[in-house]
Structures are given as structure tokens and as C-alpha cells.
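below is the sequence, then the predicted model.
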Amino acid sequence: MNRDFTDEELVELGRQALTVEIDGLRAQLPRLGSDFARACRICLNCRGRIVVTGMGKSGHIGGKIAATLASTGTPAFFVHPGEASHGDVGMITRDDVVLALSNSGETAEILTILPVIKRLGVALIAFTGNADSALGRNAAVHLDIRVPAEACPLNLAPTASTTAALGVGDALAVALLKARGFTEEDFARSHPAGALGRRLLYVKDVMRTGKDVPMVRADATLAVGLMEVTSKRLGMTAIVDEALHVLGVFTDGDLRRALDRSADLHTTRMDQVMTPHPKSVLPNMLAAEAVHLMETHSITSLVVLDANAKVVGALNVHDLLRAGVL
């Protein structure tokens, strides 16, 4: 039967649980020593992948650790130990490293596949709360993740211990990330649909190229320029010389100004109605920088130039919207 707790009592219970978990994490700090460094070196020298395994709550934590490793430059995947003994152990190769999580160190499903791991000669890194356990004794490296107490008032439900395992797993992933020289750009490549991946897109990733780039020569007539603007649907066209160096751009605003002057479509040259020295971007600039340039100057399209001021692409606000940069 539910007890009638006040709001303040419920909040205090939550704070007590967090305090216990914080204490459990703090307990890991002095234990990160030579064994942790050995675990890092084993992972860095791994020619295959880090195969993470764990049962129950430890399995959920193991899945997250595997995902974090994989997304930060260390190829990894999770194998359920129960499924491993029914065929999935074949996923483990001699080039891999196994990272096993078990607070007791005596999880039967993991111990069942230990002989296979030993036979393959695969390095085993164990996260347990008991160095004298079967898993701890058989590991090439044992990382002690024991905690003073679980946050569960019965000291039974895995709470502080799973938080400690997750924290040490994150510590391992971050140490490997730094050791590998993993960058924001590397992270973006493994998260193409994520916010960071979109933010780190380059102009060259979203710009239009080749025949899709609107360009006309300086001596083209206004009528030809208008056809180029409408057919390429970028709301502008670049004006270029014979070597494709940009001379200017022609936009909707330039068209309005030309019509106000009653410019003749068939006799007016594009270099007479263009805007010279247009705003431009380089292919290797971040797409976010292109957005900033557009916002600062209240424009909706840009030409993309190489280091020699030659037109190599173009983009507009709709291209950036489709790419999720805006």
C-alpha cells in the first residue's frame, strides 16, 4: 500500500538517492590508475572492435558504453551474453577486445562464454565490483567499480553501481577520444543527422555545382540573364569573365532597379545592371558561416568561390534549410 508522502519528503528521497550515486561516482576517482591506463592501451591497440557485453541492467549500461565508444572514434558494438551462447559469440573475432560488465563478477551468462574468449586469445576487460570474482580473475584488466552503497534503500536494485559503470565507461571513451585526436568534424561524420552534424556541414556539402550554378558572361543581355535566374531557381546569377572569375551578381533587387530605369531587356548588358564585388563564401567554410553572412547582410543567396575567385558553386537559403543548417 502506498504511503502518503508529502512533496517535501518525496523531494528529499530523490536528493538522498542522488547523493548516494554521487558518492558512488566519487569512489571511482582514486581507483583510476594503471589498470585504467592498461585498458585504454588495449583498446587503442585493438585491430578489430570493442565487443561490450553485460546482463540485465549492466547490459543496458553496456549498450550505452558501446554506442558512446562507436560515436567517438572507437569501433564497438554490444552483444547480449545470453544470445552469445546461442551463436552470437561468432561475432567476436581474434582481433577484437571484449569489455564485460557484471557488478558481482559472477554473471552466469558471461562466464559461459569465457572459454570461447580465452580460446580466441581475445583480451578481456572486466568492470566488476569484486576483483576476486571469476570474471575479475580471468580478465586481462580488471576495473574495480564497486560503490559504498546502492541508492536503493534495500541496497539491492542496481542504481549507484550502474551509474559508476556508466561513468567509468564514459571515462574510457573520452580518454580514447583524446588519445586518438578525435575532432568535432570526426564526431559530425558519425552523427550526420544530429544537430552537431548539421552545424558542422561545410559549404561544399550543400552548394550546387556544375550546370546547376547560374552563370552568364558580362556581355550577355538582360534577357539572357533573366532566363538564367529563372531556370536555375536560385534567385540570382553570377556574372563571370572568360576564366569564370566572378565580376558581380544579379538578383531580384537588381532586376527591380533595372526596371525602374526602364532598362531594355535586349540591349542592356549584364555588367550594366549587376552588383559588383558580391558577398561570397569558400567551399571549406562551415555552412553555419554562410548562414551568418546571409543574416548579417539580409541576402538569400551566395556564390561560392575558390582561392582564385573562380565560381565553383552557389547556394541559397532553401539549400541551407533542406540541409537542416537553419
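On my side now, so go ahead.

run through this protein and note the low-pLDDT ranges.
1, 184-200, 326 (pLDDT under 70).

swap the cut-off to 80 and go again
The chain contains residues with pLDDT under 80 at 1-3, 87, 182-200, 323-326.

which segments of it make up each domain?
7-182, 203-322 (automatic domain parsing).

how about stretch 157-167: buried residues?
Residues 158-167 are the ones in stretch 157-167 that count as buried (16 or more other Cβ atoms under 10 Å). All C-beta atoms are positioned from the backbone trio N, CA, C, and that covers glycine.

what comes into contact with it?
Stretch 157-167 is contacted by residues 17, 20-21, 23-25, 27-28, 56-58, 60-61, 64-65, 101, 103, 127, 129, 145-152 when judged by Cβ atoms under 8 Å, 6 or more residues apart in numbering.

any chance you could map the helices in the stretch 1-150 of the chain?
Taking DSSP state H, counting those that start in this stretch, the helices of the stretch 1-150 of the chain run over residues 7-26, 34-44, 57-71, 81-84, 108-120, 134-138.

among those helices, which is the most enclosed?
Counting by mean count of other Cβ atoms under 10 Å, helix 57-71 has the highest mean neighbour count of those, with a mean of 21.

return the distance of it from the chain's centre.
16 Å (Cα atoms, centre = their mean, to the nearest Å).

can you list contacts of that helix?
Contacts of helix 57-71 from elsewhere in the structure, counted by Cβ under 8 Å, 6+ apart, are 43, 50, 52-54, 75-78, 80-81, 99, 101-103, 107, 127, 158, 162, 165-166, 169-170, 172-173, 176, 187, 190-191.

wait, D264 touches Q272, no?
No. Assessed by Cβ atoms under 8 Å, D264 is found out of contact with Q272, at 10.4 Å.

please identify the helix or strand for G225.
Under the criterion of DSSP states H and E, G225 resides in helix 222-232.

give me the buried positions along that helix.
Across helix 222-232, burial judged by 16+ other Cβ under 10 Å covers 222, 224-226, 228-229, 232.

tell me what it is packed against?
Helices and strands touching helix 222-232, by 3 or more Cβ pairs under 8 Å, 6 or more residues apart in numbering; DSSP states H and E, are strand 215-217, strand 236-240, helix 252-260, helix 270-273.
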